[in-house]
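Q: the following comprises the amino acid sequence and a computationally predicted model.
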Amino acid sequence: MPDLTHSLLKQDIGHLRIIAEFWGLELDSNEVDSARDELSAALLEPNLLAELMDSLSPQADSAITDLVASSGRIPWATFTRKYGDIREMGAGKRDRERPHLKPSSTSEILFYRGLLARAFFETDKGSQEFAYIPDDLLLLIESPKADGDEQPVTTEALGRPASPKEKGLDILANDFILDDATTMLAALRVGKNMESASLLATLREHTLAGTRAPTLQSLLSTAKLIKKNTIQAEAVKAFLEAPRTDALKILQDAWMESTSFNELKLMPGILCEGEWTNQPQETREFLLNLLDAIPAGKWWSLNSFVRDIKQKYADFQRPASDYDSWFIKREADGVYLRGFSYWDQVDGALIRYFITNILHWLGMVDLSIAEGATEATAFRVSSFENKKEERGKIAVASSGKISIPRDAPRVVRYQVSRFCEWDEQKNNEYKYHITTHSLTKAKEQGLKVEHLLPLLAKHSAGIPPSLIKALKRWEVNGTEARAESQIILRLRKPEVLEEMRRSRAGKFLGDVLSPTAVIVKSGAIQKVLEALTELGLLAEVDTVNKEKE
């Protein structure tokens, strides 16, 4: 950082005299360059500096302490949010209004004493404006600490322990994400729409906000289980066959190391627009480091944790304190959440989402909901570990319905589900049923009944003989019976039907069921009604049984 002399380069003689006055000095020179050199030399006298520091207000002393703790510099936007801004004014206005005698902020108190300067510095995120203490002054301010033994650097936990009122219904960490991952991998394998009702009904509500398919897709992609929504067969096989503890760690490790999994852009309730970029991995590491400082096994207040981050590290995900160039829109009403005033709706909401959704989902955090609250109010850093083996048995009914418990091998459910239609999962059981349509789709993917039967036999208490017979007959003969919905035209007299068949409406009639009943071809009912009217007959349609066209 610049030293005192370079920090004062842009200041006129009037500003230099104001600084000198606060230090109890009189400048001999009236020429700005020599006056600057004279002032800079005088301010570096340790005893004089100590006297000035002793005269500072508690707020000003706190600002100096924060700067020293941050190696002498803090982003300007962060510093001024806490300690106030400096009013911009030229030399004439300054000399008339004398702002140094009536400072509007702690920043002005330090600025007019020469203890605070501002400048742009290059960072790994580009050029950024900082509040800083000139280098040579910083060395003097820090020097008393060098006389004694250095104190170990400790990271203080932000926030506070949860109060009794913030504790209520506990929702412990789990590994339900493995079941959702199995479901989605199977869905992708059979070509289901990711927003289909059958898929969403099969996914568990594993977080307070429920499952969001795009988030799970992004995680599976991060873990290299899918690529552009295409199953990576070998990786999926290893993942599904791994013990649950190992499988969960695969997802956790992939998430921690990912540069593509973007919590901010996956967060529900907002839409991110434009070409701006953020750094999700850096944000993730920062928040995880803060969580590491929280005592293990201790329930912690979520509100106080978010509040302290806002106070001390508000810009944790914002390079150069940029709250304007990120185009983030609230999904509910289309309002753009730009500016620091929306910190709670964006940055604060991200912290909450990170803890109550992502970390809880990955089995890393327990949650608690206070009485009367609808969202988590407390959390506890956890490490879920499920050492139970997957030995659950499949239940197979003669009707073709199949129930697979959550503790059945995931790889088995993945395979069986490819032969079936999917029903809604209930009470920790996944429900499926076999149809000719599902068997046909499986056959198109190279799967045969001879693959399904041994799988069911090995992992169930038994297969009903009638179902075995039906499956084997279908394999040989295909569909032997078909149920269809048809529109039937019923007439009072046989001669009317004969007249209809000879008219231009005849081409719309199908199989004759009786002398007074005939099937109407699909989509042709209106044409038939018009033809009857032309023959002098008005017909009515049974709206209860009418096929929707």
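A: Okay, I see it.
Q: isn't Gln311 right next to Asp66, touching?
A: No. With contact defined as Cβ atoms under 8 Å, Gln311 does not reach Asp66; the gap is 11.0 Å. Where you see a C-beta, it was placed from the backbone N, CA and C, and this is true even at glycine.
Q: number of residues surrounding Arg36?
A: 22 (other Cβ atoms under 10 Å).
Q: show me what the helix or strand it falls within is packed up against.
A: Element membership for Arg36 (DSSP states H and E) is helix 32-43. For helix 32-43, the elements it packs on are helix 4-7, helix 13-22, judged by 3 or more Cβ pairs under 8 Å, 6 or more residues apart in numbering; DSSP states H and E.
Q: how about it as CSV, C-alpha atoms only?
A: C-alpha atoms of helix 32-43 as CSV (Å, rounded to 0.1, in the frame of the first residue of the first chain):
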residue,chain,number,x,y,z
VAL,A,32,2.3,22.1,-1.0
ASP,A,33,5.2,19.7,-1.8
SER,A,34,7.4,20.8,1.0
ALA,A,35,4.5,21.1,3.4
ARG,A,36,3.6,17.5,2.5
ASP,A,37,7.1,16.2,3.2
GLU,A,38,7.2,18.2,6.5
LEU,A,39,3.8,16.8,7.6
SER,A,40,4.6,13.2,6.7
ALA,A,41,7.9,13.3,8.7
ALA,A,42,6.2,14.8,11.7
LEU,A,43,3.3,12.3,11.7
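Q: any idea how far the helix or strand following it is from the chain center?
A: Counting by DSSP H and E, the next helix or strand C-terminal to helix 32-43 is helix 46-54. Relative to the centre of its chain, helix 46-54 is centred 50 Å away, using Cα atoms, centre = their mean, to the nearest Å.
Q: the following helix or strand past helix 46-54: which residues count as buried?
A: The helix or strand immediately downstream of helix 46-54 is helix 58-69, counting by DSSP H and E. Neighbour-count burial for helix 58-69 flags 60, 63-64, 66-67 (criterion: 16 or more other Cβ atoms under 10 Å).
Q: ok, now stretch 238-245?
A: 239-240, 242, 244.
Q: closest to Cys420 among these?
A: Leu240 (17.2 Å; Cβ to Cβ).
Q: by contact count, what packs against the strand or helix carrying that closest one?
A: Assessed by DSSP H and E, Leu240 sits inside helix 233-241. Counting contacts by 3+ Cβ pairs under 8 Å, 6+ apart, helix 233-241 is packed against helix 176-190, helix 244-257, helix 410-417.
Q: which residues does the closest residue in space to Ala320 that isn't next to it in sequence bridge with?
A: Nearest non-adjacent residue to Ala320, counting by Cβ to Cβ, 6 or more residues apart in numbering: Gln128, 4.2 Å away. For Gln128, the beta-bridge partners are Phe121 (DSSP bridges).
Q: the strands in the stretch 251-400 of the chain, which residues?
A: 270-273, 300-301, 327-330, 365-370, 378-381, 395-396 (DSSP state E, counting those that start in this stretch).
Q: quick one: contacts of the fourth one?
A: Defining contact as Cβ atoms under 8 Å, 6 or more residues apart in numbering, one finds that strand 365-370 is touched by 162, 165-173, 208, 299, 355-356, 359-360, 375-382.
Q: again with stretch 446-455
A: 412, 415-416, 418-419, 439, 442, 463, 468, 471-472, 474-475.
Q: could you dump the helices and strands packed on helix 233-241 to JSON lines with mean pLDDT?
A: Shown next, in JSON lines, are the helices and strands packed on helix 233-241 (pLDDT from 0 to 100):
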{"stretch": "helix 176-190", "mean pLDDT": "92"}
{"stretch": "helix 244-257", "mean pLDDT": "96"}
{"stretch": "helix 410-417", "mean pLDDT": "96"}
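Q: distance to Lys521 for those - can I get that in CSV?
A: Below are the helices and strands packed on helix 233-241 laid out as CSV (distance: least, Cβ to Cβ, whole Å):
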stretch, distance to Lys521
helix 176-190, 33
helix 244-257, 53
helix 410-417, 37
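Q: among those helices, which is nearest Ala20?
A: helix 244-257 (54.0 Å).
Q: tell me what the closest one is packed against?
A: Partner elements for helix 244-257 (3+ Cβ pairs under 8 Å, 6+ apart): helix 176-190, helix 213-222, helix 233-241, helix 280-292.
Q: contacting residues for Leu223?
A: Rather than Leu, residue 223 is Ala. 235, 239, 250-251, 254-255.
Q: Asn30: which of these is nearest?
A: Distances from Asn30 to the contacts of Ala223, taken by Cβ to Cβ, are shortest for Trp255, at 64.7 Å.
Q: now the angle from the helix or strand hosting Phe79 to helix 58-69?
A: Using DSSP H and E, Phe79 maps to helix 76-83. Helix 76-83 and helix 58-69 are oriented at 150 degrees to each other (axes from the mean of the first three to the mean of the last three Cα atoms, to 10 degrees).
Q: can you name the element that comes right after helix 76-83?
A: helix 91-97.
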